[in-house]
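Chemist: Sequence unavailable; structure follows:
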């Protein structure tokens, strides 16, 4: 294609076949061009969801749960990041995912006190935590666990191995709390911190 001097000849020098006849000369025939916006909308939805997840959890130690009212506390305790078990009046959740309903557990007449879905998730988190500590990826956690083995307990830096936070509604049935504590103990989570509300 020959090189022409710049001028008002864009449509004449560069053929736009998708615009149809008459467009290059400014014809009166209207042209409808369909634009596929689905990939753009999908990308923006994923981006917005990602940003909401990142900024809603950053800097938060305990996640708010709808339908959960914590009991009052006499003093403020220092809590560190740990897996969170939430018991509301209707559900039991682990790390924000529902694992059982209170009604189904109270109706269950089996002799076992263990909540299987919670047990499996606790085991998976505990195994990952033990691997991280043994490989020394978290130096602060490794030091806390080494101190604990030596008999030194620092309340502001607890060993995260076997540590979980329990948020329970003040009106929840004591049998449900017993089931959760028993399940945590079976999964080697013997250090449960009960979350309470400051006065």
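Modeler: Looks like it came in fine. Everything numeric in this text was worked out from a predicted model, so none of it was measured.
Chemist: Assign residue 165 to helix, strand or coil.
Modeler: For residue 165, the assignment made with DSSP: H, G, I helix; E, B strand; the rest coil gives strand.
Chemist: Would you mind confirming that residue 133 is in contact with residue 145?
Modeler: Yes - using CB atoms under 8 Å, residue 133 makes contact with residue 145 at a distance of 5.7 Å. The way it works is simple: take the backbone N, C-alpha and C, and place the C-beta from them, glycine included.
Chemist: what residues do those two have in common as contacts?
Modeler: Common contacts of residue 133 and residue 145, defined by CB atoms under 8 Å, 6 or more residues apart in numbering, comprise 160-161.
Chemist: now this protein, which segments are flagged as low pLDDT?
Modeler: Counting by pLDDT under 70, the chain shows low-confidence ranges at 1-32, 56-65, 70-81, 110-112, 155-157, 197-199.
Chemist: can you map out the strands along it?
Modeler: 72-73, 84-87, 91-94, 97-101, 163-168, 191-194, 197-198 (DSSP state E).
Chemist: looking at those, which is buried most?
Modeler: The highest mean neighbour count among the strands of the chain, using mean count of other CB atoms under 10 Å, belongs to strand 84-87: a mean of 23.
Chemist: Spell out which strands sit alongside it in the sheet and which way each one runs.
Modeler: Here strand 84-87 is paired, per DSSP bridges, with strand 91-94 (antiparallel), strand 163-168 (parallel).
Chemist: Export those strands as TSV, with columns for distance to residue 100.
Modeler: Conversion of the strands paired with strand 84-87 to TSV gives the following (distance: least, CB to CB, whole Å):
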stretch	distance to residue 100
strand 91-94	5
strand 163-168	14
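Chemist: Quick check: which of the ones you listed is nearest to residue 69?
Modeler: Residue 69 lies closest, by CB to CB, to one member of these: strand 163-168, at 10.0 Å.
Chemist: With respect to residue 121, which of the strands paired with strand 84-87 lies nearest?
Modeler: Per CB to CB, nearest to residue 121 of these: strand 91-94, 5.0 Å.
Chemist: Give me the residues contacting the closest one.
Modeler: 65, 83-86, 98-102, 105, 115, 118, 121-122, 176, 180.
Chemist: how far does stretch 106-120 stretch from start to finish?
Modeler: End-to-end distance for stretch 106-120: 20 Å, by CA to CA, to the nearest Å.
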